[in-house]
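Asker: Quick one, what's the 3D model for this:
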Amino acid sequence: MMTKLSVNINKIATLRNSRGGNLPNLLTVAKDIQEFGAEGITIHPRPDERHIKYLDARDLKPIVTTEYNIEGNPIPRFIDLVSEIQPTQVTLVPDGEDALTSNAGWDTIKNQSFLQEVITEFKQNGIRTSIFIDTDLKLIEAAAKTGADRIELYTENFASQYRLGNKNQVKPYTEAAILAYRLGLGINAGHDLNLENIKFFKEAIPNLAEVSIGHALISESLYLGLENVVNMYLHRLK
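Answerer: Numbering: from 1, shown residues only. As a prediction, the model looks like this:
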C-alpha cells in the first residue's frame, strides 16, 4: 500500500512569526511542498496562534490542492473553523492549551460520547475524521465505536526507542494497526518520525495510509534542502 506524505508546516509559521512580517511566506511554501511531490499539507492551529493562525487556515484552503489535514483539540472555536473550511481531514488531538507539542493520545473510552458527537458533526460536513491515539488495543476498539474514519498512531515512543536501538518497540504499533484495519479504521501515524526511522516504520505497519511529518522534516531541510528532503521521504515511503 502506498503511504502518503503530509507535511506539517507549523514550523514555517513559527519562523515567520518570530520576526513579524511574512517571511517565509507560508502560502508559497505550501505550494512548493506540493510541487515537490508531497501528497498533503497538515496544520495544527492552537488557541494562542503561536505558529499557525486561524487566518492561515482559511488562506490555505485554495492553496492546498492535495489533501488538507487540520489537527487540533476540538474546542468550540476549532470546530467552527474546521466546519467552515471543510478540509479533506480533521485529526482530533487532546492537547492542552499550553502544550508545547502533542504529548498523548485520546482516552477513547472515557471520551467516547464526546468524540462521537464531534465526529458526527464533521462527517455531516463531508470531512474525513481521524483520532490521535496510543497503541492500547482497548482504546483502538473504542475508537472504532466513535464513528471515526481513521486513527493516527502517536509515534513518539517508537521514535525514542528506535533512536536507542530498540527496534522491537514497533511491535505494539504493528498490532494496533492490524486491529484497527480489521475494525474498519484507516491508519495514519505521526510524531517524531524522521528520515532515519521512517522506512523501518513504514515496512512494519500494514495498511499505513498517511504519515504527517513536520518538525523533523523542516529541521532536516536546513541541511539538505526542502525539495530534496520531501523526495527523500517519498522514496522511503514507496
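Asker: tell me the contacts of the residue positioned nearest the centre of the chain?
Answerer: The chain has Ser212 as the residue nearest its centroid, 4.1 Å off, counting by Cα atoms, centre = their mean. Going by Cβ atoms under 8 Å, 6 or more residues apart in numbering, Ser212 touches 6-8, 40, 42, 69, 71, 91, 152, 188-190. Just so you know, the C-beta spots here come from the backbone N, C-alpha and C atoms, and that holds for glycine as well.
Asker: can you put these in CSV and add neighbour count?
Answerer: Converted to CSV, the contacts of Ser212 look like this (neighbours: other Cβ atoms under 10 Å):
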residue, neighbour count
Ser6, 27
Val7, 28
Asn8, 24
Gly40, 22
Thr42, 28
Asn69, 27
Glu71, 28
Thr91, 26
Glu152, 28
Asn188, 27
Ala189, 25
Gly190, 25
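Asker: Could you tell me which of the residues you listed are located in strands?
Answerer: In strands, judged by DSSP state E, the following of the contacts of Ser212 are found: 6-8, 40, 42, 69, 71, 91, 152, 188-190.
Asker: quick one: which of those residues is nearest Asp32?
Answerer: Using Cβ to Cβ, Val7 is the member of those that sits closest to Asp32, with 10.2 Å.
Asker: Would you mind confirming that that closest one is in contact with Ile33?
Answerer: Yes - using Cβ atoms under 8 Å, Val7 is in contact with Ile33, at 5.0 Å.
Asker: intersection of neighbour lists for these two?
Answerer: 41, 230.
Asker: coming back round to it: pLDDT and distance to Leu139 added to the contacts of Ser212, as a markdown table?
Answerer: Below are these laid out as a markdown table (pLDDT from 0 to 100; distance: Cβ to Cβ, whole Å):
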| residue | pLDDT | distance to Leu139 |
| --- | --- | --- |
| Ser6 | 98 | 23 |
| Val7 | 98 | 27 |
| Asn8 | 98 | 23 |
| Gly40 | 98 | 25 |
| Thr42 | 98 | 22 |
| Asn69 | 98 | 21 |
| Glu71 | 97 | 18 |
| Thr91 | 98 | 16 |
| Glu152 | 98 | 13 |
| Asn188 | 98 | 15 |
| Ala189 | 98 | 15 |
| Gly190 | 97 | 17 |
